[in-house]
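Participant: Compute the structure for the input listed below.
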Amino acid sequence: MGYICLLCSANLLIMYKLLLFILSGLLLLVGNQASTAQNTIVPTPTHAQLAWHETEFYLFFHFGPNTFTNLEWGHGTEIEELFNPTDLDCEQWCRVAKLAGAKGVVITAKHHDGFCLWPSKYSTHTVRESKWKNGKGDVLRELSDACRRNGLKFGVYLSPWDRNHPKYGTPEYNDVYANTLIELLTGYGELFEVWWDGANGEGPNGKKQDYDFPRFEKLVKKYQPNAIIFSDIGPGCRWAGNELGTVNETNWCMLDTVGFGRGATGPPGQILQTGQENGAAWIPAECDVSIRPGWFYHPEEDQKVKTPETLFDIYLQSVGRGANLILNVPPDRRGRIHEQDSSHLAAFGAILKKNFAENLALHKNAFLEQGRRTKATKTLTDGNQQTNYSPKIQKKHEFGAVTVDLGEYKVFNCVKIFEDSKRFGQNVKEFKVEVWEDNIWRLVAKSTTIGARKILVFPRVRASKLKITILNSKNTTTLNEVQIFNLNEK
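Facilitator: Residues are numbered from 1 along each chain as shown. The predicted structure follows:
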């Protein structure tokens, strides 16, 4: 009887210890869930996307038969002899790009009319059949070589729609397109971007083409793994939803693409403009706009070129909101950038250079404010976007702040902020900017997302300090750099 009682006691002890183990496991699970809720895992950019973000601004060259027919969308029936630039100079294109502050170029290797600016083996509607250079020319060769000589990145636009090729509208056309794509991916050095739009018109047999985009994406990944694919749904970067060159002030770099396609089946414009706070993939916005009303050169638009000041406003509403800007500058019938365009671009580049030449915050003292604690830091003003500051969350919806002490009163009207998206993605949802003026903190700006960068312009002040307070964020806020400028042109 005593033996049985001892056995029961031992069993009760084992059951008690087992119950404690289960309860501790449940508590640990709940704690982990709470921690996860506070620090949600968000998408981060790939190495190639980070390099793309740093490119910021580049030119688009729409060039082809439309240049000579005065059309925007060619019919595909234009005779090849029409393409005959009298003084094509890709070196001049690159000089203009550099004067404008652009870091790369993208060219319409083939537009909807199907005309190839290189002697493709898979088409009879190319520069080979034209009078230009007696059929021995290759625009892509000349431009890609010029880009390398001038330190510019090179990208291509290859229209899936082809209004000339007899195979368009049949399954065989996907083979044709894949082969022409391989020619570009393997024949012209490193590409930083491959540009696809969603145009899908009627083929010669009255049928629309069913594009094999998964196959095309695999080819880009195989031959140009560092190239970013642009389209309505990426996967490298997305269209910003308009052709004004601007993106919404709230601009998330994330997007859900399930259920969406390219072109007519793409996401609604509002989603493309703002991105999605909880999107599953890192697909940042690229803003496209033309320096002229049209995308190809038209002589009657020579006096309608956007002013340098307008271009700077567009820059602030695209690059300044964490997107990239691709500005179309169509070469004329000589094969040169028109004087009106080039002069405006040079003036725009001068505005960029002048306005962002002096970072007033560089190597100034910065202080982190976390609740009642203040800590000095040098990483936010060291000019190195690879260093960062990560304040801890004090409690729910309460985040840290950073103050930059200029050491003396300075005149300024602009702050540029970089979030550490490389490691932690995009998290900031709302923040405010204050300046220390007349011995008080005065609010000068409030905004929403940051991401790759945020440029805020406010009325000019004379102050000795600037403070950024994170009002709301998905996770622990992580900034890389804070820069302060006095913009003279706005």
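Participant: what about stretch 118-129, start to end distance?
Facilitator: End-to-end distance of stretch 118-129 (Cα to Cα, to the nearest Å): 10 Å.
Participant: List of residues touching that stretch?
Facilitator: 76, 80, 83, 109, 113-117, 133, 135, 137-141, 164-165, 176, 179-180, 183-184, 187 (Cβ atoms under 8 Å, 6 or more residues apart in numbering). Any C-beta I mention is one placed from the backbone N, CA and C, and that applies to glycine too.
Participant: Would you mind checking those for buried ones?
Facilitator: Neighbour-count burial (16 or more other Cβ atoms under 10 Å) applied to the contacts of stretch 118-129 gives 76, 80, 83, 109, 113-117, 137-141, 164-165, 176, 180, 183-184.
Participant: Skipping adjacent residues, who's closest to the most centrally placed residue in the chain in space?
Facilitator: Central residue of the chain (Cα atoms, centre = their mean): residue 324, 3.8 Å from the mean position. Counting by Cβ to Cβ, 6 or more residues apart in numbering, residue 324 lies nearest to residue 286, which is 4.8 Å off, once chain neighbours are set aside.
Participant: Confidence-wise, which helix or strand of this protein is lowest on average?
Facilitator: helix 2-38 (a mean of 36; mean pLDDT, DSSP states H and E).
Participant: Toward the C-terminus, what is the element adjacent to it?
Facilitator: As assigned by DSSP states H and E, the chain's next helix or strand after helix 2-38 is helix 47-55.
Participant: picking that back up, let's see which of the contacts of stretch 118-129 end up in helices.
Facilitator: The helices, defined by DSSP state H, take in 139, 140, 141, 176, 179, 180, 183, 184, 187 from the contacts of stretch 118-129.
Participant: can you tell me which two in the residues you listed are farthest apart?
Facilitator: 141 and 176 (21.3 Å; Cβ to Cβ).
Participant: nearest spatial neighbour of residue 113, skipping sequence neighbours?
Facilitator: residue 74 (3.0 Å).
Participant: Please tell me how far the one you found sits from residue 452.
Facilitator: For residue 74, the distance to residue 452 equals 36 Å [Cβ to Cβ, to the nearest Å].
Participant: now swap in residue 486 and tell me
Facilitator: Residue 486 is 23 Å from residue 452, by Cβ to Cβ.
Participant: who's more crowded, the two?
Facilitator: Neighbour totals were compared for residue 486 and residue 452, and residue 452 leads with 26 against 14 (other Cβ atoms under 10 Å).
Participant: my read: residue 367 touches residue 375, true?
Facilitator: Yes - between residue 367 and residue 375 there is a contact at 6.8 Å, judged by Cβ atoms under 8 Å.
Participant: Between those two, point out the one with more neighbours.
Facilitator: Neighbours were counted for residue 367 and for residue 375 using other Cβ under 10 Å; residue 367 has more, 16 against 12.
Participant: which one is the more buried one nearest to, not counting chain neighbours?
Facilitator: Taking Cβ to Cβ, 6+ apart, and ignoring the residues beside it in sequence, residue 367 has residue 403 as its nearest neighbour in space, at 4.7 Å.
Participant: picking up where we left off before, and the residue nearest to the centre of the chain, what's its pLDDT?
Facilitator: The per-residue pLDDT reported for residue 324 equals 98.
Participant: what sits against it?
Facilitator: 52, 53, 55, 56, 57, 58, 237, 284, 285, 286, 287, 318.
Participant: And it, how far from residue 297?
Facilitator: 24 Å.
Participant: Could you break this structure into its assigned domains?
Facilitator: Following automatic domain parsing, one gets these domains for the chain: 58-355, 365-485.
Participant: ok, and which of these has the densest surroundings?
Facilitator: domain 58-355 (a mean of 19; mean count of other Cβ atoms under 10 Å).
Participant: how far does that one stretch from start to finish?
Facilitator: Note: domain 58-355 ends 19 Å apart using Cα to Cα.
Participant: Next: stretch 463-481.
Facilitator: Stretch 463-481 has its terminal residues 20 Å apart, counting by Cα to Cα.
Participant: rewinding a little: pLDDT on the helix or strand containing the residue nearest to residue 324, on average?
Facilitator: Assigned by DSSP H and E, residue 286 falls within strand 285-290. For strand 285-290, the mean pLDDT works out to 98.
Participant: what about dumping the CA coordinates of it to CSV?
Facilitator: Taking Å, rounded to 0.1, in the frame of the first residue of the first chain, the C-alpha atoms of strand 285-290 are listed here in CSV:
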residue,chain,number,x,y,z
ALA,A,285,8.5,53.1,-58.2
GLU,A,286,10.1,54.5,-61.3
CYS,A,287,8.6,57.8,-62.6
ASP,A,288,8.6,58.4,-66.4
VAL,A,289,8.1,61.7,-68.2
SER,A,290,9.1,63.3,-71.4
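Participant: Let the chain start at 34 from now.
Facilitator: Sounds good: first residue 34 from here, last item strand 318-323.
Participant: what about residue 409, which SS state?
Facilitator: Of the three states, residue 409 takes strand under DSSP: H, G, I helix; E, B strand; the rest coil.
Participant: which non-adjacent residue is nearest it?
Facilitator: With Cβ to Cβ, 6+ apart, the residue lying closest to residue 409 is residue 400, at 5.6 Å.
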